[in-house]
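*Asks:* this is a predicted model, with the sequence first.
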Amino acid sequence: MSLIKYILRIADSSLIEGQRLSEWCSKGPTLEEDIAMSNIALDLFGQANGFLEYASKIDKKKSPDDFAFKRDEGDFYNLKISEQPNGHFGTTMVKLFFSSTYRYLLYEELSSSNDETISALSLKSIKEVKYHLKHSKSWIIRLGDGTKESNNKVQQSLNTLWEFTGEYFEEDSIDLEMKKNGIGLTKSLENKWKDIVIDTLNKAKLEVPKSTYMQTGGKQGLHTEYLGKILTEMQSIPRKYPDAKW
Amino acid sequence: MQSGEIKKIWELLDTIPDPEIPVISVVELGVIRDIKFVNNKYKISITPTYSGCPAVKTFQDDIKICLTKNKITNFEIVLTYFPAWTTEWMSEKAKNKLLKYGISPPSDVIICPQCKSTSTTMVSEFGATACKSFHKCNDCLEPFEYFKCI
């Protein structure tokens, strides 16, 4: 049971973030960026699917699609940052940069998990996340070290989203259990995450937000008002036509 | 008998084109990892290039159609993630075919498929499919796609 929940947390954060990012499809600021964001969203769906397939091997009554389309808000365990609105392009890039940095470090650690499937999926995913990180990081530097207006806007996005970054490093009883069995993270990613983020913000001439208030709850199924709306859209077809086949 | 049949399956699969890049086969691309005879069935292991690659479903359907057409029905397709697919599994033959087709093959040196210049600029890290990035040649100025090394 704990293992399933641990897997769903990883899968859900990728799935919801992918769904959010895909809202940019056909609305990107340039054609190249539109394609980039859609490609990253697709990678995230693929990664989520791998983990959902694993969850459905453990809980044989549910298919990966059942997990994605037949769960309600309270049964989703994604981090709250993944459900936050896209805002303007800079906000989306800040979110992607924070999450890609986290995901890169997460998969790097989980590559040596005692659980063979988690390790294999992490080794696969990290190759893709490397590109997401490179891409979002370069945008943070371009926008931060760009014009006064782009710097101001990204600084505001950073300040608004900062309170959602504490969730990356939270440890509850499930994390501790996975840690004990050598399945989950064996050490906190916080220092490494901060090193990459602070180094990038310095290069981008942006300030590291000082606020220490942090949001919590996503991993336990407590969400902000946005998740319900995302699910309403994402699940609308399977809910309207249950068990419809392609 | 079975080893002869396995060789035949490899040959049949080598005739299935990649759905996005039809000049190379799924075997040349390196997504067919293994074919074994287990419990009276041919177990065909395939691996996705990228986790979200939409071509994976098409690979599976194409393999099913191809084998069934050739009267091989006792097979199952298994999706494996380990070891993760890498561009190193792509054969030299396939890389040459890519270049001829107009896609710069995965390599440390990016070559313009039009004029073979190595002076190129990246336009975007992401191309029309997850596996490619978008570039421009500094000599002939033509845009082209490059198959990313992963």
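*Replies:* Nice, thanks for sending it over.
*Asks:* contacts, neighbours, all on C-alpha from now
*Replies:* Will do.
*Asks:* and for A:Y241, the neighbour number?
*Replies:* Using other Cα atoms under 10 Å in any protein chain shown, A:Y241 has 9 other residues around it.
*Asks:* A:K127 too?
*Replies:* For A:K127, using other Cα under 10 Å, the count is 20.
*Asks:* try A:T91
*Replies:* Other residues close to A:T91 by other Cα under 10 Å number 22.
*Asks:* tell me who's in contact with the closest residue to chain A within chain B.
*Replies:* Across chain B, no residue is closer to chain A than B:G52, which sits at 3.5 Å (Cα to the nearest Cα). Contacts here follow Cα atoms under 8 Å, 6 or more residues apart in numbering or on different chains; on that basis B:G52 touches A:42-47.
*Asks:* can I have the buried ones of those as a ChimeraX selection?
*Replies:* Command for ChimeraX, covering only those of the contacts of B:G52 found buried under the criterion 16 or more other Cα atoms under 10 Å in any protein chain shown:
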select /A:42,43,44,45,46,47
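*Asks:* which one of the contacts of B:G52 sits closest to chain B?
*Replies:* Of these, the one sitting nearest to chain B (Cα to the nearest Cα) turns out to be A:G46, at 3.5 Å.
*Asks:* tell me the SS of the nearest residue to A:G217 once chain neighbours are set aside?
*Replies:* Among residues not flanking A:G217 along the chain, A:H223 sits closest, at 6.6 Å (Cα to Cα, 6 or more residues apart in numbering or on different chains). Classification of A:H223 using DSSP: H, G, I helix; E, B strand; the rest coil returns coil.
*Asks:* hang on, A:H223 packs against A:K80?
*Replies:* Yes: using Cα atoms under 8 Å, A:H223 is in contact with A:K80, at 6.3 Å.
*Asks:* who's more crowded, these two?
*Replies:* A:K80 (25 against 22).
*Asks:* dihedrals phi and psi, the more buried one?
*Replies:* Here the main-chain torsion angles of A:K80 (degrees, to the nearest 10) amount to phi -60, psi -30.
*Asks:* residues touching it, list them.
*Replies:* Taking Cα under 8 Å, 6+ apart as the definition, contacts of A:K80 comprise A:164, A:167, A:215-218, A:223-224.
*Asks:* grab the nearest non-local neighbour of the residue of chain B closest to chain A.
*Replies:* Nearest non-adjacent residue to B:G52, counting by Cα to Cα, 6+ apart: A:G46, 3.5 Å away.
*Asks:* got the phi and psi for that neighbour?
*Replies:* phi -60, psi -40.
*Asks:* take the contacts of A:K80 and, keeping just the buried ones, write it as a ChimeraX select command.
*Replies:* Buried residues within the contacts of A:K80, by 16+ other Cα under 10 Å, are selected in ChimeraX with:
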select /A:164,167,215,216,218,223
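*Asks:* farthest-separated two in the contacts of A:K80?
*Replies:* A:E167 and A:T224 (13.4 Å; Cα to Cα).
*Asks:* ok, back up a step: surely the residue of chain B closest to chain A forms part of a strand?
*Replies:* No: counting by three-state DSSP, B:G52 is located in no strand; its state is coil.
*Asks:* export stretch B:85-93 as PDB, just CAs?
*Replies:* Taking C-alpha atoms only, stretch B:85-93 is exported to PDB below (Å, rounded to 0.1, in the frame of the first residue of the first chain):
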ATOM      1  CA  TRP B  85      17.100   3.000 -25.100                       C
ATOM      2  CA  THR B  86      20.100   4.900 -26.300                       C
ATOM      3  CA  THR B  87      21.100   6.300 -29.700                       C
ATOM      4  CA  GLU B  88      24.200   4.100 -29.400                       C
ATOM      5  CA  TRP B  89      22.000   1.200 -30.400                       C
ATOM      6  CA  MET B  90      21.300   2.700 -33.800                       C
ATOM      7  CA  SER B  91      23.300   0.900 -36.500                       C
ATOM      8  CA  GLU B  92      25.800   2.800 -38.700                       C
ATOM      9  CA  LYS B  93      23.700   1.800 -41.700                       C
END
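*Asks:* sorry, back to before: which members of the contacts of B:G52 occur in helices, if any?
*Replies:* A:42-47 (DSSP state H).
*Asks:* sounds good, over and out.
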